[in-house]
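Engineer: turn this into a model:
(chains A and B)
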Amino acid sequence: MLEKQLPAYPYLPSLPMFEILKADLGRKRELYHHHAGFFTRWVKNCMDPGALAVIVYRFGNWGYRMKIPVVRHLVLFVYLFLKMPIVLGFGIYIPVRAKIGKGFIIHNMNGIFISTGVIGENCTVQQGVTIGAIRPNRWAGKPRPPVLGNNVYIGAGAKVLGDVKVGDNSVVGANSVVMTDIPENVTVMGIPARIVSRHTATERAYGMPEAKKEASV
Amino acid sequence: MFEMIKSDFERKFKAFGLRPEDQGPMRYVKLSMELGTQAVVVYRFCRWARGLKVPVFGLLMRILARILHLGVMVVSGINMQPYSKIGRGFAIHNFSCIFILAERMGDNCTVNQGVTIGNVRGSPRPPILGDNVYVGAGAKILGEVEIGSNVVIAANSLVVSNVPDNCTVAGVPARVISRGADSPYLKYTV
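Structural biologist: Below you'll find the model as predicted:
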């Protein structure tokens, strides 16, 4: 039933794993290491805890989406062991059922919990972020996860909880708690989160012109 | 480096206290077992190795510092960049999810779990903190801000603007809630 309510955010089940991963790591490389040397751009970029977590999640998600029965179970079995250092060592938890579009970035680590909701393309998540499902009723019902649009930026320590929708190009400020729907192209902040500005600073912050941002990923 | 580490140890003894039975040399062992203390020691080592001018020895020390830094980051989740210049008597209480990248921090600062001190993309420099600053659990200090001396930053607040001397700030975004800073941690200095 929930699937019907969801907007057509581009979660691409038909894409192969490596293409999505290329988009993820490529976006990270362009945003954080575009001026660095060869080693940082191609090796350190992939060895970052957040990048490793995304790689392992994509691998598990690829296995989860696979139709071939025995190979699927083998992949998920390997995933169990790959997941262990990510959860125990880095403190990043992403279930395989999460639907995350391409160009997903985790910056830094620790205390990151992402539930089984939908996340659009080109989203960025910082340390200490919870994107959690909560039950509509305390005693009954399935937990409902949030739905995030494209190009959403979630600051350090922010929480997005329950059956809420965050519009495209929105920015959630650090340490804020989002419990209500958020329109597109706004910056929200505070506990509970309120709109503080009708334009977002991501353009300035990322130092990328609009055209280049469109071109990347 | 060793003077700095000694001052950190002294500060931690004074600020966080020890039970009376821990007065012997065993107290150094006990303190060294804490992840926050280990992270501070590794940070001091990284900082020292960063400034070394000796050619081969310096490179080896820097590689060792990198490995230790990674180990601390994975085990305890404390990421202290050696770029930041931190004064004497720095104490980290508890661990996990601590990211510190400051332009300058004064003496006798205290940091709790879940604290982020760092620059946002596009800001010219990381934050500057004065002496005797207590940063509560989960507080975030972001961007080009300057924080005075004798300041208490309450838990889970978000500081994105300058803070004057001798005050307590709280909230998202943080506002001054009191013109006096009253925390036991500010009294114990080295």
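Engineer: please, where are all the helices along chain A?
Structural biologist: A:2-5, A:17-32, A:38-39, A:45-47, A:49-65, A:69-85, A:202-206, A:210-215 (DSSP state H).
Engineer: tell me which of the ones you listed lies nearest to chain B.
Structural biologist: helix A:202-206 (4.2 Å; CB to the nearest CB). C-betas here are computed from N, CA, C, even on glycine.
Engineer: tell me the mean pLDDT for the closest one?
Structural biologist: Helix A:202-206 carries an average pLDDT of 51.
Engineer: residue numbers of chain A in contact with chain B?
Structural biologist: A:31, A:49, A:89-91, A:108-111, A:127-128, A:155-157, A:173-176, A:189-191, A:201, A:204-207 (CB under 8 Å from any CB of the partner chain).
Engineer: looking at these, which are in strands?
Structural biologist: A:M189 (DSSP state E).
Engineer: give me the buried entries from the residues of chain A next to chain B.
Structural biologist: A:31, A:49, A:89-91, A:108-111, A:127-128, A:155-157, A:173-176, A:189-191, A:206 (16 or more other CB atoms under 10 Å in any protein chain shown).
Engineer: quick check: which of the helices of chain A has the most neighbours on average?
Structural biologist: Mean neighbour count (mean count of other CB atoms under 10 Å in any protein chain shown) peaks for helix A:49-65 among the helices of chain A, with a mean of 21.
Engineer: flag every buried residue along stretch B:87-104.
Structural biologist: Buried-residue list, stretch B:87-104, by 16+ other CB under 10 Å: B:87-103.
Engineer: any residue of that stretch up close to chain A?
Structural biologist: Yes: part of stretch B:87-104 sits near chain A under the criterion CB under 8 Å from any CB, namely B:96-97, B:99.
Engineer: run through the residues that contact B:G58.
Structural biologist: Applying CB atoms under 8 Å, 6 or more residues apart in numbering or on different chains to B:G58 gives the contacts B:49, B:52.
Engineer: no wait, B:L52
Structural biologist: Listed by CB under 8 Å, 6+ apart, the contact partners of B:L52 are B:58, B:61-62.
Engineer: does A:P95 touch A:T116 like I think?
Structural biologist: Yes: A:P95 is in contact with A:T116 according to CB atoms under 8 Å; the separation is 5.6 Å.
Engineer: quick check: residues of chain B near chain A?
Structural biologist: B:73-75, B:77, B:79, B:96-97, B:99, B:114, B:116, B:120-122, B:138-140, B:142, B:156-158, B:172-173.
Engineer: please check these and keep the buried ones.
Structural biologist: For these, buried by 16+ other CB under 10 Å: B:73, B:77, B:79, B:96-97, B:99, B:114, B:116, B:121, B:138-140, B:142, B:156-158, B:172-173.
Engineer: show me what contacts residue 50?
Structural biologist: No chain was given, so I picked chain A. So A:G50 contacts A:28, A:90, A:92, A:105-109 (CB under 8 Å, 6+ apart).
Engineer: wait, chain B
Structural biologist: B:62, B:65, B:82.
Engineer: any of the residues you listed buried? List them.
Structural biologist: Looks like those have B:65, B:82 buried, using 16+ other CB under 10 Å.
Engineer: adding pLDDT and secondary structure, write the contacts of B:R50 out as JSON lines.
Structural biologist: Output for those, formatted as JSON lines (pLDDT from 0 to 100; DSSP: H, G, I helix; E, B strand; the rest coil):
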{"residue": "B:R62", "pLDDT": "94", "secondary structure": "helix"}
{"residue": "B:A65", "pLDDT": "95", "secondary structure": "helix"}
{"residue": "B:P82", "pLDDT": "93", "secondary structure": "coil"}
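Engineer: thought A:C123 was touching A:K99?
Structural biologist: No: using CB under 8 Å, A:C123 is not in contact with A:K99, being 11.7 Å away.
Engineer: who has more neighbours out of these two?
Structural biologist: Higher neighbour count among A:C123 and A:K99: A:C123, with 23 against 18, using other CB atoms under 10 Å in any protein chain shown.
Engineer: count of neighbours near the residue nearest to that one when sequence neighbours are not counted?
Structural biologist: Spatially, and ignoring its direct neighbours in sequence, A:C123 is nearest to A:V152 (4.8 Å; CB to CB, 6 or more residues apart in numbering or on different chains). Applying other CB under 10 Å, we find 26 residues neighbouring A:V152.
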